[in-house]
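Participant: structure for the following, please:
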Amino acid sequence: MDILDRTMYPTVPTRLLAGVVVPDTPIVTRAIEFAREHCEPYLFNHSMRSWLFSAAVACLKSSPHDAEVLAVSTLLHDIGLAPEFFGPLRFEVEGANAAREFARASGMQERQAQLIWDGVALNSTPSIGLHKEAEVALCTAGIGLDWGGFGYEMLSPSLIAAVLDAYPRLEMKQRFTHAVCRIVESRPETTYDNFARDFGERFVAGYKKPASAVDLLMNSPFKE
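Facilitator: The predicted structure is shown next:
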């Protein structure tokens, strides 16, 4: 079941977790505990699965990357859904700000902290995230695989089963929907230009985007 070549991480200690070799460093341990502390169990499990899937995808693609950056960004990618990090910005940006502060407080370099910010902020925008640096692209790929099954066929059924056994989904579909709908109801202004709008239109009575992008362009205060 060990699909990851340990030589991918020649400079850091590793451990085997649900069939995937992952870095085993103090920063990664702190990120796991930070996610566990602030996320509901279903969301923590989603974050762990996303990290494991991102590491597995990195192996399959033989993609060099900073293992700690990938771990922190993936583990903390949904931290903005935790009530402690609610704010006036869309939840991905609130989460990205919190993850970057975590990275800085953990002694990571500014370049690493910025890559973590990008990974968290862009994880729900794969049309951008998948085309950025390896750490951001892998973060996006692992999250997308667990969230919507994107790239599901890349991994073996036995590996996926091992990850799900270690970190069960715990009604992820329903609970994630409820979490996003809470944001739509309480902070609708943060949802008009992102995927949360889809949940509002489907599940939240009375939700309506105030204007389309076309309206914004046509009503801008400039003469042709």
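
Participant: gap between the helix or strand containing residue 197 and the chain center?
Facilitator: Residue 197 is part of helix 196-203 when elements are defined by DSSP states H and E. Put simply, helix 196-203 sits 19 Å off its chain's centre (Cα atoms, centre = their mean, to the nearest Å).

Participant: contacting residues for residue 121?
Facilitator: Residue 121 sits next to 92, 93, 95, 96 when contact means Cβ atoms under 8 Å, 6 or more residues apart in numbering. Placement of C-beta: from N, CA and C, glycine included.

Participant: make JSON lines from those and add pLDDT to it.
Facilitator: JSON lines is the format used below for the contacts of residue 121 (pLDDT from 0 to 100):
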{"residue": "92", "pLDDT": "97"}
{"residue": "93", "pLDDT": "98"}
{"residue": "95", "pLDDT": "98"}
{"residue": "96", "pLDDT": "98"}
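
Participant: from those, which ones fall inside helices?
Facilitator: Counting by DSSP state H, the part of those found in helices is 92, 93, 95, 96.

Participant: how close does the residue nearest to residue 102 when sequence neighbours are not counted get to residue 56?
Facilitator: Nearest non-adjacent residue to residue 102, counting by Cβ to Cβ, 6 or more residues apart in numbering: residue 34, 6.1 Å away. Using Cβ to Cβ, to the nearest Å, we find residue 34 at a distance of 23 Å from residue 56.

Participant: these two: who's more crowded?
Facilitator: residue 56 (27 against 18; other Cβ atoms under 10 Å).

Participant: point out where this structure drops to low pLDDT.
Facilitator: Filtered on pLDDT under 70, the chain yields the residue ranges 1-7.

Participant: one more time with 90
Facilitator: Low-confidence segments of the chain, defined by pLDDT under 90: 1-12, 208-213, 215-216, 223-224.

Participant: can you point me to the longest helix in the protein?
Facilitator: Longest helix in the chain, counting residues (DSSP H): helix 41-60.

Participant: beyond that helix, next helix or strand please.
Facilitator: Per DSSP H and E, the first helix or strand lying C-terminal to helix 41-60 is helix 67-75.

Participant: for residue 108, what are its contacts?
Facilitator: Neighbouring residues of residue 108 by Cβ under 8 Å, 6+ apart: 27, 68, 69, 72, 116.

Participant: same thing but at 6 Å, please
Facilitator: If you count contacts by Cβ atoms under 6 Å, 6 or more residues apart in numbering, residue 108 has none.

Participant: just to be sure, it is in a helix?
Facilitator: No: judged by DSSP: H, G, I helix; E, B strand; the rest coil, residue 108 forms no part of a helix; its state is coil.

Participant: for the ones in helices among the contacts of residue 121, which one is nearest residue 140?
Facilitator: Comparing the ones in helices among the contacts of residue 121 against residue 140 with Cβ to Cβ places residue 92 closest, at 11.6 Å.

Participant: what's the nearest residue to the closest one if we skip its chain neighbours?
Facilitator: Nearest non-adjacent residue to residue 92, counting by Cβ to Cβ, 6+ apart: residue 121, 5.1 Å away.

Participant: please, which helix or strand holds that neighbour?
Facilitator: Assigned by DSSP H and E, residue 121 belongs to helix 110-122.

Participant: next, the buried residues of that helix.
Facilitator: Buried residues in helix 110-122, counting neighbours by 16 or more other Cβ atoms under 10 Å, are found at 112, 113, 114, 115, 116, 117, 118, 119, 120, 121, 122.
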